[in-house]
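Participant: Structural data only, the sequence is not supplied:
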């Protein structure tokens with residue numbers, strides 16, 4: 001007996017939406033064809049021409065193209081030729097993709113409730129739209145959803161998960177045949193809520209089709225899931241744990257339920273009176289809780305439909321009005337809908353849900369089967385969603401038995417904690433993000449949904465604004481680019497030496513872009529040594545070595561004023577006798593960057609490997625220096641890195657890597673080599689140089705007992721002594737100069753690749769791993785990288801549930817909870833990252849659009 005589902009059957013509400021209806025209706029009215037499309041230039045409620053490319057249309061699928069699937073297609077506002085192509089499927093089943101488009105911050109439009117009056121909603125641009133970095137197809141699937149329809153009513157009969165996935169795959173093949181320019185774009189399948197069942201099935205269909213050489217071949221890279229329904233038992237049963245973790249039920253009740261119900265709160269034996277009593281009390285506690293966003297109040301929404309239910313109090317948009325407006329034929333025409341194809345538009349077709357057959361109860365088998373194929377997966381959960389709790393999501397992830405390479409870590413947006421994330425690997429990558437205070441769906445609930453009925457789980461969760469979707473995206477790879485610099489801001493006249501700047505792509509898919517300054521020898525560039533300079537840190541820019549140590553220019557403090565530093569020649573520059581490459585490494589240093597946030601996860605070994613790869617590619621592009629004597633040089637922390645790079649070069653020469661490098665040796669300045677000797681010796685040195693008094697020195701020795709690195713924070717006398725010893729300093733002029741836009745333009749720095757230049761990236765230094773990050777298997781067969789994120793206030797799919805399925809993978813956690821970085825689990829080539837979005841609910845992007853935008857952006861730049 002599905003006890004909780006029965007008790008909660010009246011909990012869900014249908015909030016039909018007026019604004020939506022208006023916008024939607026606007027797109028319809030074309031002749032039925034196997035494939036038809038229309039370019040939309042204007043929309044009712046939006047002032048002026050649309051500043052993006054919008055196409056709507058139908059694609060016929062099934063027998064004799066009986067089923068006509070309607071879609072909205074938005075070209076990327078970035079680089080449509082290279083940006084990923086994303087197919088978005090809203091959950092339900094039966095909920096229109098328009099819901100994700102307008103309400104989940106995925107699309108470029110949203111309703112402007114502040115300037116809307118009555119039944120005349122206004123539209124405005126969404127600054128967090130995923131279309132800023134991706135081409136997105138919003139598909140009304142399965143048939144009966146949104147504007148999709150069938151010419152034969154029998155097609156609605158026996159509609160199920162398997163048929164829906166097959167028709168979606170057929171749609172995508174036909175759509176791509178009609179849009180061949182997107183063949184080579186990285187392809188991702190995405191969705192939320194009930195799409196957690198459908199999306200992995202569609203990915204499997206595509207994977208199988210590629211193996212069987214179906215035309216056209218698809219450049220499938222992975223998939224993205226938000227608050228996904230995955231496994232009925234794990235998802236549904238996790239709601240009790242979520243309720244306990246969010247203080248919705250007492251600890252006593254929770255412990256009693258665990259004992260009396262034995263962890264199964266769905267299939268309950270009515271003769272088990274103790275369990276039944278506990279469940280009744282549980283239902284009393286949560287019956288008035290908005291389970292798709294537990295932080296939001298429950299209210300009764302007046303709908304033009306007879307059905308009433310409870311849902312979000314939303315003062316921004318009245319979603320009931322969408323259905324109302326979509327009943328007006330004059331509003332449908334702009335969307336180019338086939339006249340008479342649907343009686344009236346509904347955000348979620350409840351009739352379809354009544355006869356839809358959920359023939360796949362769990363998508364875990366698909367995850368397990370597809371992980372090994374190396375696809376990337378991002379899973380995110382609003383952490384205030386009780387409909388599909390993130391704890392359940394974590395539970396099924398854990399059941400995959402993946403290895404944890406990066407433990408729970410906080411991830412940040414604008415310096416604020418946006419959630420937590422964890423990464424697990426296994427032959428592919430799987431990331432898990434938890435968004436704080438995010439919910440399950442858009443601020444709308446569906447009528448007639450039962451508490452634990454998967455068919456009614458809302459897909460409204462996925463809006464991790466493009467920050468996350470980007471997550472995977474951005475495939476425009478530049479292996480190497482360079483520019484010759486003749487003048488520099490702050491330097492009078494033309495430069496009297498040859499300066500070149502550029503980027504060289506390294507790592508997987510050239511995801512990491514390393515920036516360099518190259519200065520030819522002023523003496524004899526053809527014969528003089530070639531030196532690769534690595535500034536220490538880790539995280540300090542090569543410009544530090546260039547301007548403050550060994551380069552041909554330096555700051556002219558005497559003649560600089562305010563925020564206008566000037567430059568002069570350095571008479572003691574090493575470039576007078578050598579060709580020098582000043583490299584910003586590791587990634588995150590100076591102007592070096594990664595196209596995805598995962599790319600910033602680096603350490604000593606990977607940094608050295610990237611440096612070696614950089615050097616090989618740079619020399620292939622500068623063959624005139626292949627015969628010059630090569631030296632690797634650096635200072636400070638480069639005392640660790642430089643010897644590793646030298647070993648990489650030596651090993652490469654031995655195994656015949658091309659090109660062969662004329663390695664002669666290396667140079668180290670004040671090198672960091674061994675912590676015990678290097679760090680503990682500082683106190684003694686300060687005393688010898690009269691930098692600290694005899695009294696302080698003796699006190700420090702006594703109180704700290706000679707250990708000045710691994711200090712017990714509770715040892716107050718030692719801590720106070722050490723605070724007196726240390727003193728900070730900075731390099732203000734380089735910060736001002738390098739962050740000047742005219743300077744960055746002169747250096748041909750790629751705009752937008754870094755937030756701001758720092759001489760030493762402290763964030764990188766504090767999180768730099770001093771070992772190699774290993775990779776793991778994928779969500780077992782479908783991912784190379786997977787991101788699971790949960791809003792931490794989502795009761796629909798609580799983040800604790802997500803944690804449970806991640807734990808069920810039996811991964812080894814390397815790092816504990818930290819603010820929005822990455823918890824990495826490792827096992828060969830698979831990676832799973834779990835991230836929480838602070839304050840996020842089931843649809844994390846809806847409630848925390850900026851945070852989620854940053855999240856997807858980091859993902860897509862990977």
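Facilitator: Nice, thanks for sending it over. Computed from a prediction, not measured in an experiment: that's the story for all the values here.
Participant: how about the residue lying closest to residue 131 once chain neighbours are set aside, phi and psi?
Facilitator: Nearest residue to residue 131, sequence neighbours excluded (C-beta to C-beta, 6 or more residues apart in numbering): residue 74, at 4.5 Å. Just so you know, the C-beta spots here come from the backbone N, C-alpha and C atoms, and that holds for glycine as well. In terms of degrees, to the nearest 10, the main-chain angles of residue 74 are phi -120, psi 130.
Participant: Give the burial count for residue 74, as a bare number.
Facilitator: By other C-beta atoms under 10 Å, the residues close to residue 74 number 26.
Participant: I'd assumed residue 108 was in contact with it.
Facilitator: Yes - assessed by C-beta atoms under 8 Å, residue 74 is found in contact with residue 108 at 6.2 Å.
Participant: Residue 134 versus the residue nearest to residue 131, what's the distance?
Facilitator: Separation of residue 74 from residue 134 (C-beta to C-beta, to the nearest Å): 9 Å.
Participant: And for residue 360?
Facilitator: For residue 360, the distance to residue 134 equals 27 Å [C-beta to C-beta].
Participant: With residue 279 instead?
Facilitator: With distances taken as C-beta to C-beta, residue 279 is found 43 Å from residue 134.
Participant: again with residue 347
Facilitator: From residue 347 to residue 134 the distance is 23 Å (C-beta to C-beta).
Participant: picking up where we left off before, between residue 279 and residue 134, tell me which one has more neighbours.
Facilitator: Between residue 279 and residue 134, counting by other C-beta under 10 Å, residue 134 is the more crowded of the two (32 against 21).
Participant: what number of residues lie near residue 526?
Facilitator: A count of nearby residues for residue 526, using other C-beta under 10 Å, gives 11.
Participant: Identify the residues contacting it.
Facilitator: Counting by C-beta atoms under 8 Å, 6 or more residues apart in numbering, residue 526 touches 624, 628.
Participant: Kindly check the end-to-end length of stretch 176-190 for me.
Facilitator: 17 Å (C-alpha to C-alpha, to the nearest Å).
Participant: what does that stretch contact?
Facilitator: If you take C-beta under 8 Å, 6+ apart as the criterion, stretch 176-190 is touched by 35, 37, 59, 81-89, 134-135, 199, 202-203, 206, 215-226, 376, 462, 469, 472-473, 475.
Participant: that's a helix at residue 547, yeah?
Facilitator: Yes - the assignment for residue 547 is a helix, going by DSSP: H, G, I helix; E, B strand; the rest coil.
Participant: Could you give me the buried positions within stretch 212-228?
Facilitator: Using 16 or more other C-beta atoms under 10 Å as the test for burial, stretch 212-228 gives 218, 219, 220, 221, 222, 223, 224, 225, 226, 227, 228.
Participant: typed the wrong thing, it's stretch 743-759
Facilitator: By neighbour count with 16+ other C-beta under 10 Å, stretch 743-759 contains the buried residues 743, 744, 746, 747, 748, 749, 753, 754, 757, 758, 759.
Participant: Now do that stretch, average pLDDT.
Facilitator: For stretch 743-759, mean pLDDT is 78.
Participant: what does stretch 263-281 give?
Facilitator: Here stretch 263-281 scores 92 as its mean pLDDT.
Participant: same check, this time on stretch 72-87
Facilitator: 95.
Participant: circling back to that earlier point, quick check: the two most widely separated of the buried residues of stretch 212-228?
Facilitator: Across these, the longest distance by C-beta to C-beta is 27.0 Å; it joins 219 and 227.
Participant: so residue 50, which of the three states?
Facilitator: Assigned with three-state DSSP, residue 50 falls in the coil class.
Participant: Pop the domain breakdown of the protein in here.
Facilitator: Using automatic domain parsing, the domain ranges for the chain come out as 18-226, 489-669, 675-725.
Participant: Need the pLDDT of residue 234.
Facilitator: At residue 234, the pLDDT value in this model is 85.
Participant: oh, I was asking about residue 341
Facilitator: We have a pLDDT of 50 for residue 341.
Participant: do the same with residue 809
Facilitator: On the pLDDT scale, residue 809 is placed at 52.
Participant: Distance-wise, check the closest residue to residue 148 other than its chain neighbours relative to residue 181.
Facilitator: Once flanking residues are discounted, residue 148 sits nearest to residue 140: 4.1 Å by C-beta to C-beta, 6+ apart. According to C-beta to C-beta, residue 140 stands 23 Å off from residue 181.
Participant: More neighbours: which of the two?
Facilitator: residue 140 (28 against 9).
Participant: Hmm, that one is touching residue 164, no?
Facilitator: No - look at residue 140 against residue 164 with C-beta under 8 Å: they stay out of range, at 11.5 Å.
Participant: Leaving aside the residues adjacent along the chain, what's closest to residue 554?
Facilitator: The shortest distance from residue 554 to any non-neighbouring residue, by C-beta to C-beta, 6+ apart, is to residue 570 (4.7 Å).
Participant: cool, and residue 762?
Facilitator: residue 539 (7.0 Å).
Participant: ok, how many other residues are close to the one you found?
Facilitator: Burial of residue 539 is recorded as 26 neighbouring residues (other C-beta under 10 Å).
Participant: Can you give me the pLDDT of it?
Facilitator: 85.
Participant: for the one 5 residues further on, same thing?
Facilitator: According to the predicted model, the pLDDT of residue 544 comes to 86.
Participant: got the contact list for the nearest residue to residue 49 once chain neighbours are set aside?
Facilitator: Excluding the flanking residues, the one nearest residue 49 by C-beta to C-beta, 6+ apart is residue 41, at 5.5 Å. Neighbouring residues of residue 41 by C-beta under 8 Å, 6+ apart: 49, 50, 54.
Participant: Brilliant, that's me finished.
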